[in-house]
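Q: Provided below for reference: sequence and predicted model.
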Amino acid sequence: MNRTVVELLADNAEHADTFAGRFDEVQEGQHPEAVTVCCSDSRVLQDQMFGNETPGRLFTCANIGNRVVQHTDAGEVVSGDVLYPLTHTGTRTAVVVGHTGCGAVTATYGALVGDIDAESEPPGIRHCVGLLAPHLEPGVGLLPEGLDRAESVNRLVEYNVDRQVDHLVGSDDVPDDASVIGVVYDFQGVYGGERGEVHVINVDGERDPDALRAEHEEVADRVGRLWTY
């Protein structure tokens with residue numbers, strides 16, 4: 001057997017030993033408190049970033065670029081992965097989780113500025129970049145002058161989260177009473193706090209840090225952006 005799989009199964013045995021008694025309340029169904037839409041980057045620890053060890057608490061979705069949209073015959077719509085808990089399990093909180101140093105945003109930025117030939121990528125990757133590019137392109141034009149590549153990417157990470165939040169807030173498919181939160185998981189220390197902290201940048205479309213701090217005093221110290229535009 002592949003050594004990696006052997007090691008994963010060994011770790012799973014420890015997991016099962018620890019969690020065996022925690023599934024009793026979710027045997028017949030689930031009612032997650034929140035659906036999180038994270039980047040599938042291996043450095044983004046979806047449950048661990050929120051300290052979650054409770055089965056049934058979080059409905060986790062992941063893809064490169066933490067996208068909430070998909071293309072269908074009806075056009076661009078909110079992904080069924082994200083909609084399912086909002087329409088079928090009573091979940092009323094959606095959290096879009098971007099992260100510093102995002103590879104999908106980096107690739108899309110590179111394609112938009114001509115540094116990367118997206119056409120040379122496999123069709124699946126071209127498709128993912130194609131989903132992000134139209135929404136990130138206006139943000140590239142808004143970037144302040146003098147930023148290096150990493151700084152540009154991390155600002156576009158915020159811009160991308162904002163656009164995904166907009167999709168959810170503006171969709172008729174998302175229940176009106178659902179709250180949509182946009183955050184950035186910072187494992188690079190870019191925001192000045194501890195690496196691994198989650199920083200709130202958007203709540204239901206509001207992205208002004210001062211307004212967010214005033215409205216949400218209980219998490220005011222967790223609100224912060226790298227840029228406003």
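A: Received the coordinates, thanks.

Q: quick one: the residue of the chain most remote from its centre and His15, what's the gap?
A: Centroid-distance maximum for the chain: Met1 at 33.5 Å, with C-alpha atoms, centre = their mean. Distance, Met1 to His15, by C-beta to C-beta, to the nearest Å: 18 Å. The C-beta positions use only the backbone N, C-alpha and C, and glycine is treated the same way.

Q: burial of Gln27, as a residue count?
A: Gln27 has 9 neighbours, counted by other C-beta atoms under 10 Å.

Q: same check, this time on Gly192
A: 9.

Q: so it sits in a strand?
A: No: Gly192 is assigned coil when assessed by DSSP: H, G, I helix; E, B strand; the rest coil, not a strand.

Q: quick one, what contacts it?
A: Listed by C-beta atoms under 8 Å, 6 or more residues apart in numbering, the contact set of Gly192 reads Gly224.

Q: can you tell me the centre-most residue of the protein?
A: Centre-nearest of the chain using C-alpha atoms, centre = their mean is Val97, 2.7 Å out.

Q: and what about the residue lying closest to that one once chain neighbours are set aside, helix, strand or coil?
A: Spatially, and ignoring its direct neighbours in sequence, Val97 is nearest to Cys38 (4.3 Å; C-beta to C-beta, 6 or more residues apart in numbering). Under the three-state scheme (three-state DSSP), Cys38 adopts strand.

Q: could you check how far Cys38 is from Ile116?
A: According to C-beta to C-beta, Cys38 and Ile116 sit 23 Å apart.

Q: comparing these two, which residue is more hemmed in?
A: Higher neighbour count among Cys38 and Ile116: Cys38, with 22 against 16, using other C-beta under 10 Å.
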